[in-house]
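**Student:** what's the 3D shape of this:
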Amino acid sequence: MTIEKGKKFGPFVRCERERQGILLREMAMRIGVSASYLSMVERNQFQPLAEDKIHKVAKILDVDVDELLALAGKVSSDLLDIIREHPKEMAARLRSTKHAPGT
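**Tutor:** Predicted structure coming up:
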């Protein structure tokens, strides 16, 4: 599944969770947070979850983790490590693909 541009992290997670028939308490338990905390995240009252929790959500909802991280305004830590090791090269590569077909 590809996540639509313009979606917000919390409402997307809530919509997908409900679409798949996963109860709030069940999802919260599976990712290791309280149901009240997850509810607030889904309603955009708290910042998106931490990276490790987003990985769990992506697996449960069967969505691409990098897309879900991007929706949360985050980048996977392994990608950040690569960027930190080669900042100029990675910035140039990313900028060169900004207007490429399919992006």
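**Student:** surely I82 meets R93?
**Tutor:** No. Judged on C-beta atoms under 8 Å, I82 makes no contact with R93 at a distance of 10.4 Å. Every C-beta, even on glycine, is put in place using the N, C-alpha and C of the backbone.
**Student:** give me the number of residues near the residue lying closest to K53 once chain neighbours are set aside?
**Tutor:** Spatial nearest neighbour of K53, excluding adjacent residues (C-beta to C-beta, 6 or more residues apart in numbering): I31 at 5.0 Å. Residues within reach of I31, counting by other C-beta atoms under 10 Å, total 20.
**Student:** residues near Q45, how many?
**Tutor:** 10.
**Student:** my bad, L68
**Tutor:** For L68, the neighbour count with other C-beta under 10 Å is 23.
**Student:** and the helix or strand encompassing it, what does it pack onto?
**Tutor:** Per DSSP states H and E: L68 is located in helix 65-71. If you count contacts as 3 or more C-beta pairs under 8 Å, 6 or more residues apart in numbering; DSSP states H and E, helix 65-71 packs onto helix 9-19, helix 51-61.
**Student:** now the ones you listed as CSV including mean neighbour count, mean pLDDT and distance to R43?
**Tutor:** As requested, the helices and strands packed on helix 65-71 are exported to CSV (neighbours: other C-beta atoms under 10 Å; pLDDT from 0 to 100; distance: least, C-beta to C-beta, whole Å):
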stretch, mean neighbour count, mean pLDDT, distance to R43
helix 9-19, 18, 96, 6
helix 51-61, 17, 97, 15
